[in-house]
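Visitor: build the 3D model from these lines:
(one chain, ligands or ions: 1)
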Amino acid sequence: MKSIEALAALTLLASQAVAQPLWAQAPPLVAQNAWVRATPGADMAAAYLTLRNVSSNPVTVTGLQSPIAGHAMIHETTVQNGQTRMRPHEQLVVAPGTTVKFEPGGLHVMLHDLKQPLTVGQAVPLVITLAGGGTLQVNAVVRPLSAE
Ligand SMILES: [Cu+2]
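Guide: Down below sits the predicted model:
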């Protein structure tokens, strides 16, 4: 009984956390083509998406979260001296009218400490936090390990 109530409270908190954009009109950023590469057996996975700034001002992404991950961060894959490395990418500024693509071999969202195994076809919510306090939610579809 108690755990069910706690779960209900958590669910409520979670839905409140993502359901209050601070902007008055339409969100300044549009998130599209979001997907997660399933990595069977691993407790982390990479998510990819396209962000388009449809406003006339720069939009700063300060972070991302997902309810299925302990924590998430923006990573960037780079090749240095023939070696592929990943490193955290700090906040991301999307210039007005431009599109930033997160894709294999470049920017990605690293989902750490997965709370459950990912199933191909499953929808994984990604919550994008913007400077100024707004959030944007997009569902990323889980694709097989072989997806590109
Ligand atoms: Cu990474």
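Visitor: all helices for the chain, in order.
Guide: Here the chain has its helices, by DSSP state H, at 2-18.
Visitor: how much space between the residue in it that the ion sits nearest to and S55?
Guide: Using CB to the ion, H75 is the residue of the chain that sits closest to the ion, at 3.2 Å. Bear in mind the C-beta positions are built from the backbone N, C-alpha and C, glycine included. Look at H75 and S55: by CB to CB, to the nearest Å, they are 26 Å apart.
Visitor: what does L111 give?
Guide: In this structure, L111 and S55 are separated by 27 Å, where distance is defined by CB to CB.
Visitor: ok, V138 next?
Guide: Taking CB to CB as the measure, V138 and S55 are separated by 17 Å.
Visitor: looking at those two, which is more packed in?
Guide: More neighbours surround V138 than the other of V138 and S55, with 21 against 17 (other CB atoms under 10 Å).
Visitor: what is that one paired to in the beta sheet?
Guide: Each beta-bridge partner of V138 is listed here: L126, as defined by DSSP bridges.
Visitor: quick one: contacts for the residue most central in space within the chain?
Guide: What sits nearest the mean C-alpha location of the chain, by CA atoms, centre = their mean, is L126, with 4.1 Å. For L126, the contacting residues are 31, 34, 47, 49, 64-66, 72, 109, 137-140, by CB atoms under 8 Å, 6 or more residues apart in numbering.
Visitor: so for it, what's the pLDDT?
Guide: According to the predicted model, the pLDDT of L126 comes to 97.
Visitor: kindly report the same for V61.
Guide: Here the pLDDT value assigned to V61 is 96.
Visitor: confirm for me that it is in contact with L92.
Guide: Yes. Applying CB atoms under 8 Å, one finds V61 in contact with L92, separated by 4.3 Å.
Visitor: ramachandran coordinates for the residue nearest to P144 when sequence neighbours are not counted?
Guide: On the basis of CB to CB, 6 or more residues apart in numbering, the spatially nearest residue to P144 that is not a chain neighbour turns out to be V120, at 5.3 Å. Here the main-chain torsion angles of V120 (degrees, to the nearest 10) amount to phi -60, psi 130.
Visitor: many thanks, we can stop here.
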